Every structure is written in C-alpha cells, then in structure tokens.
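Asks: Give me the fold of what follows.
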Amino acid sequence: MQSNRFSRLILAFSFVGLAAAGLAACDVPSANEPEQTTQLALEAPTFVVVEQMPQLVGGIQSLAANLTYPEAAKTAGIEGKVFVQFVVDEHGRVENPVVVRGIGGGCDEAAVAAVRAAQFEPGRQKGEAVRVKMSIPIAFKLNGDA
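Replies: Numbers count the residues shown, from 1 in each chain. Next up, the predicted model:
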C-alpha cells in the first residue's frame, strides 16, 4: 500500500519535471532583449449554412442586369452555366468571387463581374449578421435569356 502511494508520488513529480523541462526549452526573451509580439488577425468565422441565408437585393433580375454575354462566346456559340463561389460579408458585400466551374469564352469573367457588382442582404445566425460562403450558377443562353 505504501509503495503504491510512493510510486504515485514519483509519477506525479516526473510529470512536473517534464513540464518544467518543456518550459525551460521555450524561447523566453531576457530582460535585455526587446519583447517581440505576434499579432494575429482575428477574422470573423465564415459560415456555410445559417438560419437565414443571404438574399440577393433585387432578386435574380438585378444579377442579370449586370451580366453581359461576351461577343466571343456568342460568336463561338458557347452556352452553359458558370458556377461562382464567394463570401457575402456582414454588410452584404461580395468578397473573393471565384469560378469553380466555367465554360470559357469570356463567360467566366463576365459571371465574376456580375457577382462582384451584386448586393446582398447579409445572412443571419442567431439574429446577428454573419459571413456566409455561397455558390451560385449563372446561365448563359444564346436565345437571349442570360
């Protein structure tokens, strides 16, 4: 019984010793060295799904109004959907639009420009405006419905 208590004490002291050795190995500036501080940028979390997803101000018509079908794509007969991924920030602004699936012919760039110009009602989580990552398909059709 007493040897069991003694082995626990040795085990406890060995953990304290390891922790102290680990602290001793840390690089701590001396009194003569200037202290260096590292500033971390605290960015608000970006959600993928929230209670209230961002809403496009003016609906899809506002996005279509900012979309121009590139002449090169028209001439080449390029049609299809461009998928653009982006973040809607807490103020409803679009950040970092990126084409995740494109069709070429200038349509990818036109889709990004249209999304960049869009304004959203921000997404909300627990009543608070939050950053939300979204993806949207933008259709290019030669029959006049862009």
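
Asks: Show me what counts as buried in the biggest strand by length in the chain.
Replies: Ranked by residue count and defined by DSSP state E, the top strand of the chain is strand 128-140. Neighbour-count burial for strand 128-140 flags 129, 130, 131, 132, 134, 136, 138, 139, 140 (criterion: 16 or more other Cβ atoms under 10 Å). Every residue, glycine included, has its C-beta placed from N, CA and C.

Asks: Return the helix or strand in this protein with minimum mean pLDDT.
Replies: helix 2-24 (a mean of 41; mean pLDDT, DSSP states H and E).

Asks: Out of the buried residues of strand 128-140, the closest to residue 68 would be?
Replies: residue 140 (10.3 Å; Cβ to Cβ).

Asks: Can you name the residues that contact the closest residue to the closest one other than its chain neighbours?
Replies: Distances taken as Cβ to Cβ, 6 or more residues apart in numbering place residue 107 nearest to residue 140, at 5.0 Å, with adjacent residues excluded. Shown in contact with residue 107 (Cβ atoms under 8 Å, 6 or more residues apart in numbering): 69, 70, 73, 78, 80, 82, 140.

Asks: among the residues you listed, which are in helices?
Replies: Within the contacts of residue 107, residues falling in helices by DSSP state H are residue 73.

Asks: Which pair of the contacts of residue 107 spans the longest distance?
Replies: Counting by Cβ to Cβ, the most remote pair of these is 70 and 80, 12.7 Å apart.

Asks: any chance of the buried residues of strand 128-140 in CSV, plus pLDDT and distance to residue 59?
Replies: Listed next are these as CSV, based on pLDDT from 0 to 100; distance: Cβ to Cβ, whole Å:
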residue, pLDDT, distance to residue 59
129, 97, 20
130, 97, 22
131, 97, 22
132, 97, 18
134, 97, 15
136, 96, 13
138, 96, 14
139, 95, 15
140, 96, 19
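
Asks: Right, I'll call it a day here.
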